[in-house]
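Q: pasting the sequence and the predicted model now:
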Amino acid sequence: MPVAGVTARKSGWRLLPEISATRFSVSGSLRPKLGLLLLLVTLIVSTALILVPFFTSRLSPPVQSSPPPHLGLNLHKFLASNLHLEEHDNLVSSPALASLSIISLVDATGGNTRTQLKHLLESGGDEKFANVTMGVYNQLYVDKRWATEGNMGVVKEDFSKPNQARANINNRLKRTYRNMVEMELSGLGEDVDMALIGALDLKANLKGSRGKSELETFHVSPDVSVQVPMRTYLGVAKTVAGLDSQALFLPLDSSMTLVVLLPNEGEKVEEVEQKLETVGLKSLISLSGDEVNVMIPGVSAETELDLTKFLKAQGVTEVFDRTKIETNIFKSKGLALSKFIHKVKVNVTDNGEASLAAVNVRNKLKTVACNRPFIFLIFDKTSELLLLVGRVVNPDRK
């Protein structure tokens, strides 16, 4: 069965209260008190050597040099840095979909394989994996040669016939969610034993329009510009410390919010992407700021990727290793995950309705033009679930 949504909870650590140091005085007859002091120190040190390991092993959390990065922001940074994208390509990924896919692997594995996967999920910080209400498909596939332990939620497919396998998977996807984006699945071949396939298709409308769209210049690079339709909306702006960019908040349908990270003049979008994981997600999506006019093109992107390299870079290796994987769904040994396919499509446009209140105050506010490459995030305000992270380099491309 495709996974619709999962709720995850994470507990924190409580530390022992700090105990203030005891003050000692050696006034008066020094030698007797000094001897008593040395004896007392010896007893304290001896007791500490016994008790400190006992308590710390039970009460202290694992020591980490730094908090693990947020899954979604780290995923976007990795993809932006390691993909050989064509010049001026847009990009989008879904932390929510990646999390659901990883959760399905957690359910199918055990031992250290499961531990590695759960650690990656825990790097999501305080976000809650609430039910996803858009078109989402998430399914674990196994080649029909392998025998499974009963009905474990996996689907058998004949990967020795790649073209037919692609057609079968897309047919199941379409039956599950009407008008769902079609997947290319170019990485599927005869050598695939197990593949995790996830897709997310989001269509949303911007709210608070302040008039009709007009053709404006978008500066793709210092040497390339395109004319694209842009529209002005009522939004909220704030400066994000450490990112050299301005955060612009625009309301979408269904309690969702679009956050645009617009690099400062002279800053490159790639430089901002490298700093993303250093910013706390809660501070990034905080809605506090000043009202502004935001002139922006439509936000559209479509990306299909194999996230195998990303998971391995995060320390998730055993699930891909036939000699080390621990799983509870197969009767025999010798197979491992071959593909982790992640397909995301987003299309954010205008609902065609202009807000009368917004039009009345249009001329009173500063206008911020998103007329150069920017990063975008889409999250649900109610659950603070980060749904999508991407970038728009050229609005003329999907």
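A: That came in fine, so what should we check first?
Q: just the buried residues of stretch 201-209, please?
A: Using 16 or more other CB atoms under 10 Å as the test for burial, stretch 201-209 gives Asp201, Leu202, Ala204, Asn205, Leu206, Lys207, Gly208, Ser209. Yep, even glycine has a C-beta here, placed from its N, CA and C like the rest.
Q: export the one helix or strand the first one maps to as PDB, just CAs?
A: Same thing as Asp201. Asp201 is located in strand 194-206, with elements delineated by DSSP states H and E. Extracted C-alpha coordinates of strand 194-206, given in PDB (Å, rounded to 0.1, in the frame of the first residue of the first chain):
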ATOM      1  CA  MET A 194      14.800  -3.600  -4.900                       C
ATOM      2  CA  ALA A 195      13.700   0.000  -5.700                       C
ATOM      3  CA  LEU A 196      12.000   2.600  -3.500                       C
ATOM      4  CA  ILE A 197       9.900   4.900  -5.700                       C
ATOM      5  CA  GLY A 198       8.300   8.100  -4.400                       C
ATOM      6  CA  ALA A 199       6.600  10.900  -6.200                       C
ATOM      7  CA  LEU A 200       4.900  14.200  -5.000                       C
ATOM      8  CA  ASP A 201       2.900  16.500  -7.200                       C
ATOM      9  CA  LEU A 202       1.900  19.900  -5.700                       C
ATOM     10  CA  LYS A 203      -0.300  22.500  -7.400                       C
ATOM     11  CA  ALA A 204      -1.100  25.600  -5.400                       C
ATOM     12  CA  ASN A 205      -2.300  29.100  -5.900                       C
ATOM     13  CA  LEU A 206      -0.800  32.300  -4.500                       C
END
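Q: can you name the next helix or strand after it?
A: Where DSSP H and E defines the elements, the next helix or strand beyond strand 194-206 is strand 214-219.
Q: hang on, the earlier thing: show the average pLDDT along the strand holding Asp201.
A: For strand 194-206, mean pLDDT rounds to 90.
Q: do stretch 134-154 as well
A: Mean pLDDT, computed over stretch 134-154, is 80.
Q: before we move on, back to that, who are the packing partners of the strand holding Asp201?
A: helix 95-108, strand 135-143, strand 256-263, strand 339-350, strand 386-392 (3 or more CB pairs under 8 Å, 6 or more residues apart in numbering; DSSP states H and E).
Q: now, of those, which is deepest in the fold?
A: Of the helices and strands packed on strand 194-206, the one with the most neighbours on average (mean count of other CB atoms under 10 Å) is strand 386-392, at a mean of 26.
Q: low-confidence stretches in the stretch 251-398 of the chain?
A: Segments of the stretch 251-398 of the chain classed as low confidence (criterion: pLDDT under 70) are 287, 330-332, 351-363, 398.
Q: please enumerate the strands of the chain.
A: Remark: strands assigned in the chain by DSSP state E are 91-93, 135-143, 154-157, 194-206, 214-219, 225-240, 245-251, 256-263, 290-297, 299-306, 339-350, 367-369, 374-380, 386-392.
Q: give the burial count for Ala301, as a bare number.
A: The burial count assigned to Ala301 is 23, neighbours taken as other CB atoms under 10 Å.
Q: the nearest residue to Lys156 once chain neighbours are set aside: neighbour count?
A: Nearest residue to Lys156, sequence neighbours excluded (CB to CB, 6 or more residues apart in numbering): Lys144, at 4.5 Å. Residue neighbour count, defined by other CB under 10 Å, stands at 13 for Lys144.
Q: could the strands of the chain be laid out in TSV, adding distance to Thr113?
A: Formatted as TSV, the strands of the chain follow (distance: least, CB to CB, whole Å):
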stretch	distance to Thr113
strand 91-93	23
strand 135-143	14
strand 154-157	16
strand 194-206	13
strand 214-219	46
strand 225-240	37
strand 245-251	38
strand 256-263	34
strand 290-297	43
strand 299-306	19
strand 339-350	14
strand 367-369	47
strand 374-380	30
strand 386-392	26
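Q: of all the helices and strands packed on strand 194-206, which one comes closest to Gly187?
A: Across the helices and strands packed on strand 194-206, Gly187 has its closest neighbour in strand 339-350 (5.4 Å, CB to CB).
Q: what angle do the closest one and strand 225-240 make?
A: For strand 339-350 against strand 225-240, the angle by axes from the mean of the first three to the mean of the last three CA atoms, to 10 degrees is 100 degrees.
Q: quick one: distance of strand 339-350 to the chain centre.
A: From the chain centre to the centre of strand 339-350 is a distance of 13 Å (CA atoms, centre = their mean, to the nearest Å).
Q: relative to that strand, what are the paired strands and their orientations?
A: Applying DSSP bridges, strand 339-350 is found paired with strand 194-206 (parallel), strand 299-306 (antiparallel).
Q: so which of these gets nearest Asn168?
A: strand 194-206 (11.2 Å).
Q: looking at the strands of the chain, spot the one closest to Arg175.
A: Nearest to Arg175, of all the strands of the chain, is strand 135-143, at 10.1 Å by CB to CB.
Q: strand partners (parallel or antiparallel) of that closest one?
A: Paired neighbours of strand 135-143 in the sheet (DSSP bridges): strand 154-157 (parallel), strand 194-206 (antiparallel).
Q: could I get these as a markdown table with distance to Asn138?
A: What follows is those, written out as a markdown table (distance: least, CB to CB, whole Å):
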| stretch | distance to Asn138 |
| --- | --- |
| strand 154-157 | 11 |
| strand 194-206 | 4 |
